[in-house]
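# A structural model of the following input is requested.
(chains A and B)
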Amino acid sequence: MKKRVICLIGPTASGKTEIALKLAKRIGAEIISCDSMQIYKGIDIATSKPTKAETRRIPHHLIDVLSPSQEYNVALFKKSALEKINHIHKKGKVPLIVGGSGLYLRALIDGLFEGPGRDSALRNKLSQQAKKYGKAYLYRKLKKQDPEAACKIHPHDLRRIIRALEVYKLAREPISARQKKTFGIRDKYDLRIFGLRRKRDELYRRIERRVDKMFRKGLASEIKRVMKHKISRTAEGLLGYREIAGYLKGEYSKDRASELLKRNTRHYAKRQISWFKNEKGVNWIELSDEDKSQIIADKIGLSLSR
RNA sequence: GCCGGGAUAGCUCAGGUGGUAGAGCGCGGCCCUGAAAAGGCCGGCGUCCCCAGUUCAACUCUGGGUCCCGGCA
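Here you go, the predicted model:
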């Protein structure tokens, strides 16, 4: 009999954390965070982490493990998530994977191609070339090496062009060929995926309320603290980092920073919605403002026991 | 009150010897496999302030209004 793995996904501010805690309690689960930013220590407000009291009640994994100066990526996530799943199963408990990093989740359940990791020196070299000769130069190169990948990648999408060239150079095989050879845990476990959905305007209102709350809780001083130390490229992408840094440097007002953060978070939520739409096998749960998280958690729990 | 400047997409603004108009942002949609809270792509019929005149044709010219912004009183 296959062991069970449960996933809870949804866009930012959809209410994952709260429902996950209640569900975990009900079914005796331990939570694995599927989140590229909650992995970082010292960034709590900006990432809306569960509180210390909450993580004491329900064991959480892959939260607070890296310093913001360290890089993180899908491959690292996948590896440690697999370990955690095993570890939790051995304890006779059920792993509950919760988060909004869509790529991470997909890489975990459908697999990540076996490829060379990033090579910073090579990437630097390539991006220098792009600056010197233009993106089109690199794109033409890719077209010659790997026409299939070039076909999928937009000529302006420099990041993906570079990655494809990087893989070709290091692996001596096109990325498009490698990407076909992936396997994940979809069939290995009894996988149940639940997705949270809300009406667009309600979700956006929740985002705005959450950002206001972050400011009240001291978002600005948290970012100020983070800015004092070296920060990795990954952590730098955190929503709130650039927006608050601009305010702290005196480029614009606090209100403007809040406005920007709200807008950028809305854009982010939209991208998540787009991404999750293509996720296979999701049981979507339509939520509204009136729904209580306990009742939703109970519903999910009930559907799992049938 | 006088003298300038302005009124065009949700917002900020371009524009045109008269042939019904664009950019950025927002907003909406989408793509995505080692930076993913990142990165990329696509989408514009809108009373061109109102009224009258000239004209085959006015958002564009002329006259008269209305409102806004400067300066001077």
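# drop to CA atoms for contacts and neighbour counts, all remaining ones
Will do.
# Tell me where the longest strand sits in chain A.
Across chain A, the longest stretch assigned as strand under DSSP state E is strand A:190-198.
# now that one: how far from the chain's centre is it?
16 Å (C-alpha atoms, centre = their mean, to the nearest Å).
# what about dumping the CA coordinates of that strand to CSV?
Provided in CSV are the C-alpha atoms of strand A:190-198 (Å, rounded to 0.1, in the frame of the first residue of the first chain):
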residue,chain,number,x,y,z
ASP,A,190,-0.8,8.1,-2.5
LEU,A,191,-0.7,11.8,-3.4
ARG,A,192,-3.5,14.2,-2.6
ILE,A,193,-3.3,17.7,-3.7
PHE,A,194,-5.7,20.4,-2.4
GLY,A,195,-5.8,23.9,-3.9
LEU,A,196,-7.2,27.0,-2.4
ARG,A,197,-9.0,29.4,-4.6
ARG,A,198,-10.7,32.7,-3.9
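# Return the backbone torsion pair for residue A:52.
Dihedral pair for residue A:52: phi -60, psi -40, per degrees, to the nearest 10.
# actually residue A:157, not the one I wrote
Phi and psi for residue A:157, reported as degrees, to the nearest 10, are phi -90, psi 70.
# which outside residues touch whatever helix or strand residue A:25 lives in?
Following DSSP states H and E, one finds residue A:25 within helix A:16-27. The contact list for helix A:16-27, computed with C-alpha atoms under 8 Å, 6 or more residues apart in numbering, reads A:8-10, A:29-31, A:50, A:54, A:58, A:94, A:96, A:98-99, A:196, A:293-294, A:296-298, A:300-301.
# buried subset of the residues you listed?
Buried by 16 or more other C-alpha atoms under 10 Å: A:8-10, A:29-31, A:50, A:58, A:94, A:96, A:98-99, A:196, A:293-294, A:296-298, A:300-301, out of those.
# circling back: what's the following helix or strand after the longest strand of chain A?
Downstream of strand A:190-198, the first helix or strand assigned by DSSP H and E is helix A:200-217.
# Can you give me the buried ones in the helix or strand following that next one?
Sequence order places helix A:219-227 as the next helix or strand after helix A:200-217, per DSSP H and E. For helix A:219-227, the neighbour count (16+ other C-alpha under 10 Å) marks A:219, A:220, A:222, A:223, A:226 as buried.
# and what of stretch A:282-293?
Residues of stretch A:282-293 classed as buried under the neighbour-count rule (16+ other C-alpha under 10 Å) are A:282, A:287, A:293.
# just to revisit the earlier point, narrow the contacts of helix A:16-27 to those in helices?
Filtering the contacts of helix A:16-27 for membership in helices, criterion DSSP state H, returns A:54, A:293, A:294, A:296, A:297, A:298, A:300, A:301.
# Need the nearest residue in space to the fourth one, chain neighbours excluded.
In this structure, residue A:296 finds its nearest non-sequential neighbour in residue A:19, 7.0 Å apart by C-alpha to C-alpha, 6 or more residues apart in numbering.
# Would you check how far apart the one you found and residue A:65 are?
Distance from residue A:19 to residue A:65, counting by C-alpha to C-alpha, to the nearest Å: 23 Å.
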